[in-house]
Structure formats: structure tokens, C-alpha cells
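give me the fold of what follows.
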Amino acid sequence: MMPMIIPCIDLMDAKVVQLVQGREKALELPDAIAVLEKFADYPEIQVIDLDAAIKGEGHSNAGIVRELCARKSCRVGGGIRGVERARQVIADGARKVIVGSSVFSGEGVNHEFLRSLTAAVPREKTIIAVDSLGDRVAIRGWREMLPFTSREALPQLEPYCSEFLCTYIDAEGKLQGTNLDWFRSLRAVTSLPITAAGGVTTDEEIRALDAMGMHAALGMAIYRKVFPELFGS
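Model prediction:
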């Protein structure tokens, strides 16, 4: 069986973008539907509303997200800070909802929120995003750091989701490869499926992640493949 590759469509101001470490814009494409069509051969797409993630729920690309979900199997995240918003994303057609910042508090895991989420959205439709910068969990669009690691968080989060999305922010968008040892350390602490993101660049890395039982979410690397003209190759 081929490794599961999940292309990423990140939305900002109604455009598809790719950012380096969540900040510097390295790519911008005006038509999300045209980008989706380029990914026709992939079974599932990851859609992240960066405006909602960074600016809050009042700033969103909800219409575009609904259209993408109507055309393709999508996992959707970005700015999902409340139970009702998570429920709405599923109602709008997402196969799974990705929840990140809200599952944490300054002290650790926000069990109260997670219990409410599980009561409203089936566990099998929930992905929890646990992102790491400098080996610390990062939230709020990767602008706030928490005093614990992804390895410490995953076992506590298992009861509330069906899989994890784990991003190695240190390598995000750089096209220089990722940290396979970091992902291997995550695999050791949870039996749930993991989608690996953040700098995954080569076929060798994708195969190595697959050997660990992980999917690979690709951003810049997949855009380089399907839009080679934008990269001068």
C-alpha cells in the first residue's frame, strides 16, 4: 500500500498560501478551487483557515472551506476554539475537524473543553493538533509557547480524538527536511494514528514516516511538485 500523502491548503485572505514557520509568506495562489483540482489524485486534503487561526473566529474563509469540502474529502482546522464552531465545521461537510489551541490551557491539557467537545462531536471525527517549536507545544498560530512537550501531551489527549496532527514547526516551509527522530519519539508514546507535518520534503522521509505508521501532510513540498513553474524547476 502506498504511503498516505495529504496535501495542505492553507487559506489567508481568501487565497492559498504557504508560510515559513507560520510567518513569512513564501507562496500565494488566488484560486483555492484550482489548487484543489491539482490535488485530484490524492484521497484527502487538509484545509487550514489561517485567518481564523491567527485573527479569531470573526475572520474566516468559511465559504471557501465549504466549497472545498463539497468537492473533496477534507480535514479542516484553524481557529476552532469553541464546541459550536467544531460542530459547524462537521455540518459544513468536513470529514474530520482539527482542534488545536483550545485543547490546552496555560497549565496543561484543557480537559473541561475536551469533555464538552467529545459530547458534541464524535471522537472518530476529531483530530487534535499538537505542534512543537523548540520542543515545546506551540498554540495560537504558533505565537504562544507552553511549558511542556508534545510527548508529554499526547497520552493525555488520547481519550478525546481518533488521531493526531503533529507539526515540527522548526522545519516548517523550509524544504530542508524534517526531524524523523522527533516523530519517532511521538510514535513511542501513543498508539493512535499520527499525521506528520513540518518540513517533510523527500520520498525517503515519506517512506520512513510510513514505516512508523504515520501519514505525511505536505505543504511546500507538494506545491513544488504540482506547481514546478513557481519554483523555477
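
residues in contact with the lowest-mean-pLDDT helix or strand in the chain: which ones?
Here the helix or strand of the chain ranked lowest by mean pLDDT, DSSP states H and E is helix 50-55, holding a mean of 83. With C-beta atoms under 8 Å, 6 or more residues apart in numbering as the test, helix 50-55 has contacts from 10-13, 17, 19, 59-61, 77-80, 100-101, 141, 143. No exception for glycine: its C-beta is placed from N, CA and C like everyone else's.

could you do stretch 89-97 as well?
44, 47, 62, 65-66, 69-70, 73-77, 80, 86, 121, 125-127, 162-163.

ok, back up a step: tell me which helix or strand comes right after the least confident helix or strand of the chain.
helix 62-71 (DSSP states H and E).

buried stuff in that next one?
Within helix 62-71, the residues scored as buried using 16 or more other C-beta atoms under 10 Å are 62, 64-69.

contacting residues around that helix?
By C-beta under 8 Å, 6+ apart, helix 62-71 touches 9, 11, 14, 32-33, 36, 45, 47, 49, 74, 76, 89, 92-95.

over to stretch 122-131?
75, 77, 86, 90, 95-100, 103, 117-118, 137-139, 142, 150, 153-154, 157, 159-167, 169, 195, 198.

now which of the residues you listed would you call buried?
75, 77, 86, 90, 96-100, 103, 117, 137-139, 142, 150, 153-154, 157, 160-161, 163-167, 169, 195, 198.

below-threshold pLDDT in the chain: ranges please.
1-3, 56-59, 232-233 (pLDDT under 70).

for the residue sitting nearest the centre point of it, give me its contacts.
Centroid-nearest residue in the chain: L165, 5.6 Å away (criterion: C-alpha atoms, centre = their mean). By C-beta under 8 Å, 6+ apart, the contact list for L165 reads 46, 75, 77, 98, 127-130, 194-195, 197, 217.

just G108 next, same as before
By C-beta under 8 Å, 6+ apart, the neighbours of G108 are 146, 148, 153, 156.

in stretch 117-131, which residues are buried?
Quick answer for stretch 117-131 (16+ other C-beta under 10 Å): 117, 121, 125-131.

in helices, which of the contacts of helix 62-71 appear?
32-33, 36, 89 (DSSP state H).

just the buried members of the residues you listed?
32, 36, 89.

distance of the last one relative to V35?
Here the criterion is C-beta to C-beta, to the nearest Å. By it, V89 lies 20 Å from V35.

and the contacts of L165 as TSV, adding distance to L180?
Converted to TSV, the contacts of L165 look like this (distance: C-beta to C-beta, whole Å):
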residue	distance to L180
Q46	20
R75	23
G77	24
I98	23
I127	21
I128	21
A129	20
V130	17
I194	13
T195	15
A197	13
A217	15
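
quick check, nearest of these to L175?
Nearest to L175 among the contacts of L165: A197, at 13.6 Å, using C-beta to C-beta.

hey, where'd the helices end up in this structure?
32-38, 50-55, 62-71, 83-91, 111-120, 150-157, 180-187, 203-211, 220-226.

would you put the C-alpha positions of the last one in PDB?
It refers to helix 220-226. Written as PDB, here are the backbone C-alpha positions of helix 220-226 (Å, rounded to 0.1, in the frame of the first residue of the first chain):
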ATOM      1  CA  MET A 220       5.700  23.400   0.300                       C
ATOM      2  CA  ALA A 221       7.000  20.100  -1.000                       C
ATOM      3  CA  ILE A 222       3.700  19.200  -2.700                       C
ATOM      4  CA  TYR A 223       3.400  22.700  -4.200                       C
ATOM      5  CA  ARG A 224       6.900  22.300  -5.600                       C
ATOM      6  CA  LYS A 225       5.700  19.100  -7.300                       C
ATOM      7  CA  VAL A 226       2.400  20.300  -8.700                       C
END
